[in-house]
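Novice: sharing a sequence plus its predicted fold:
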Amino acid sequence: MAAPKVALASDHAGFVLKKGLLVALESWGRTAIDLGTDGPDPVDYPDLADTLAKGLADGEVDIGVLVCGTGTGIAMAANRHPHVRAAACHDVTSARLARQHNDANVLALGERLIGAETAKDCLKAFIETPFEGGRHRRRVGKLSRRPVLC
């Protein structure tokens, strides 16, 4: 099985951590695509989430990593796309379980909340953990349904 193609994107509050994660992926022999941003100038995180979501939809990448200040806003923006299952994670256990039980395809991290080494550990767990399937498959299938308005 080929290693998954990984794309990373961040807003200005997450670009330092994103750069470190790119270096880590390279050191692990992984190919990663940097979707921006490239500096501290303010940008809007929904735009970066949309860019990553498009890459997933087009099949250009298999897994995404999004970074903002907390990981929450950028995950919320990404999850507006029905094919995206973004999980804001803060430790290895949450990253592993997001893949194993929720078939998450996007890891969201918060540069202001997580240290660089913990973030690298989360990323490694995320990209190396397969979806368990089984009882989780039915539940994950319900995540992409269009909402029913009451």
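Specialist: Everything's here; your move.

Novice: quick check: pLDDT value at the residue nearest to residue 82 when sequence neighbours are not counted.
Specialist: Nearest residue to residue 82, sequence neighbours excluded (C-beta to C-beta, 6 or more residues apart in numbering): residue 144, at 4.6 Å. To be clear about C-beta, it is placed using only N, CA and C from the backbone, and glycine gets the same treatment. Turning to residue 144, the model gives it a pLDDT of 71.

Novice: next one: residue 97
Specialist: 98.

Novice: so it sits in a strand?
Specialist: No: read with DSSP: H, G, I helix; E, B strand; the rest coil, residue 97 is helix and lies in no strand.

Novice: count of neighbours near it?
Specialist: 16 (other C-beta atoms under 10 Å).

Novice: for residue 93, see how far away residue 49 is.
Specialist: 24 Å (C-beta to C-beta, to the nearest Å).

Novice: please say which of the two ends up with more neighbours.
Specialist: residue 49 (29 against 11).

Novice: state the distance from residue 59 to residue 91.
Specialist: Distance from residue 59 to residue 91, by C-beta to C-beta: 30 Å.

Novice: repeat for residue 121
Specialist: Counting by C-beta to C-beta - residue 121 and residue 91 are separated by 8 Å.

Novice: compare these two (neighbour count), which wins?
Specialist: residue 121 (17 against 12).
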